[in-house]
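Peer 1: Here's a sequence, model it:
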Amino acid sequence: MKYNQLGRTGMSVSEICLGTMTWGSQNSEADAFEQMDHAVEHGVNFFDTAELYPTTPISPETYGDTERFIGNWLARTGKRKDIILATKIAGPGRPYIRNGSPITAQSIKTALDGSLSRLKTDYVDLYQIHWPNRGHYHFRQSWTYDPSRQDKAKAQADILEILETLNELVKAGKIRAIGLSNETTWGTQKYLTLAEQKGLPRVASIQNEYNLLYRSHDLDLAELSHHEDVGLLAYSPLAAGLLSGKYLDGHKPAGSRGAINGDLGGRLQPLQEAATRAYVDLAREHGLDPSQMALAFCLSRPFMASAIIGATSMEQLKLNIGAADIALSDEVLRGIAKIHRLYPMPI
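Peer 2: Below is the predicted model:
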């Protein structure tokens, strides 16, 4: 397992991060414990969760259960100091989470205290804004994204209020570092600029979707990552399982996210089929597992701080962690580049 610096925090995180969003719905607490045990045994020191989880499906009845499972595991094992633990505050839109209200100073404090209680810890290593108040283009929203409708003054005021509140919580010892999720280049740079101007905490990472079928980070955000040391934490590096090939030809295996969450957040639609098949065929031509090839590609990117894997079975988990041992040949990388040119944004 390789380890990367988390921004300028001095923290070192495994290039594979253990994602947790199925724990409490598709996975039991016993499953979660087994996954955490195995991941740590194989060099993973980075867990990512959120107050919103689990999400397969999202439900007010299971809200917070994923954090509770992690907290119980930390209490049982005594491994809190061995883990870089990341969680997130949910943004506006879920009626059962603070009445769907936007992120404010008070909601951050309330949300963090709830997470700390469920996680059975006094602090989190990385606290992330799950999505911005003003909206974003991730999760298939790029087709209707229109930032010209945003209130300029409010957008900047929100960011400053969030930063100032996080600064209080860093000083209180409840947070070590801060990160963003589902953010844009402008939003990330605004956080960085305000932090520098006002002596506030610096953004360490950005957690956005990145995979062979969705590579928006290759452009402006890659430049920002390089110059500002804001590494990408890639969620859905397998495009919610599409890149394993298991959904090709209309298949929806029983118990899979596709069977539970329908269209996989807009990913499971006809335009992705040809691209997915091309990547799966390329992997098999070179004797590679399609999932491991997709993950190894993510790990090869210069802006990648960590790729967040998720698994509902131990077999999947072992396969995904094993991607850390794979180096893609120049021939495979050329094949990926050729397919990407043909299908630049199929989801």
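Peer 1: Mind jotting down where the strands sit in the chain?
Peer 2: 3-5, 12-14, 16-19, 46-48, 84-89, 124-129, 175-181, 203-209, 231-235, 304-309 (DSSP state E).
Peer 1: can I get these in CSV with mean neighbour count?
Peer 2: For the C-beta atoms, the positions are set from N, CA and C on the backbone; glycine is no exception. Below are the strands of the chain laid out as CSV (neighbours: other C-beta atoms under 10 Å):
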stretch, mean neighbour count
strand 3-5, 15
strand 12-14, 21
strand 16-19, 26
strand 46-48, 27
strand 84-89, 26
strand 124-129, 25
strand 175-181, 24
strand 203-209, 27
strand 231-235, 25
strand 304-309, 26
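Peer 1: Redo those strands as TSV? Include mean pLDDT.
Peer 2: TSV is the format used below for the strands of the chain (pLDDT from 0 to 100):
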stretch	mean pLDDT
strand 3-5	98
strand 12-14	98
strand 16-19	98
strand 46-48	98
strand 84-89	98
strand 124-129	98
strand 175-181	98
strand 203-209	98
strand 231-235	98
strand 304-309	98
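Peer 1: pLDDT value on Phe139, please?
Peer 2: With respect to pLDDT, Phe139 scores 88.
Peer 1: Please give me every residue in contact with the residue nearest to it when sequence neighbours are not counted.
Peer 2: Excluding the flanking residues, the one nearest Phe139 by C-beta to C-beta, 6 or more residues apart in numbering is Gly265, at 5.5 Å. Going by C-beta atoms under 8 Å, 6 or more residues apart in numbering, Gly265 touches 139-140, 240.
Peer 1: which of the residues you listed count as buried?
Peer 2: The neighbour count (16 or more other C-beta atoms under 10 Å) marks 140, 240 as buried among the contacts of Gly265.
Peer 1: Which of the contacts of Gly265 sits closest to Val40?
Peer 2: Closest approach to Val40 among those (C-beta to C-beta): Ala240, at 24.9 Å.
Peer 1: Tell me which of the strands of the chain lies nearest to Ile108.
Peer 2: Smallest distance to Ile108 across those (C-beta to C-beta): 5.8 Å, for strand 84-89.
Peer 1: And that closest one, what does it pack against?
Peer 2: strand 46-48, helix 105-119, strand 124-129 (3 or more C-beta pairs under 8 Å, 6 or more residues apart in numbering; DSSP states H and E).
Peer 1: nearest to Asn208, of those?
Peer 2: So among these, strand 124-129 is nearest, using C-beta to C-beta, at 11.0 Å.
Peer 1: and which of the contacts of Gly265 is nearest to Thr62?
Peer 2: Ala240 (18.7 Å).
Peer 1: In contact with that closest one, which residues?
Peer 2: 257-258, 264-265, 267-268.
Peer 1: Export the residues you listed as JSON lines, with columns for pLDDT and distance to Ala204.
Peer 2: Listed next are these as JSON lines, based on pLDDT from 0 to 100; distance: C-beta to C-beta, whole Å:
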{"residue": "Arg257", "pLDDT": "80", "distance to Ala204": "29"}
{"residue": "Gly258", "pLDDT": "79", "distance to Ala204": "33"}
{"residue": "Leu264", "pLDDT": "88", "distance to Ala204": "29"}
{"residue": "Gly265", "pLDDT": "87", "distance to Ala204": "26"}
{"residue": "Arg267", "pLDDT": "92", "distance to Ala204": "28"}
{"residue": "Leu268", "pLDDT": "87", "distance to Ala204": "32"}
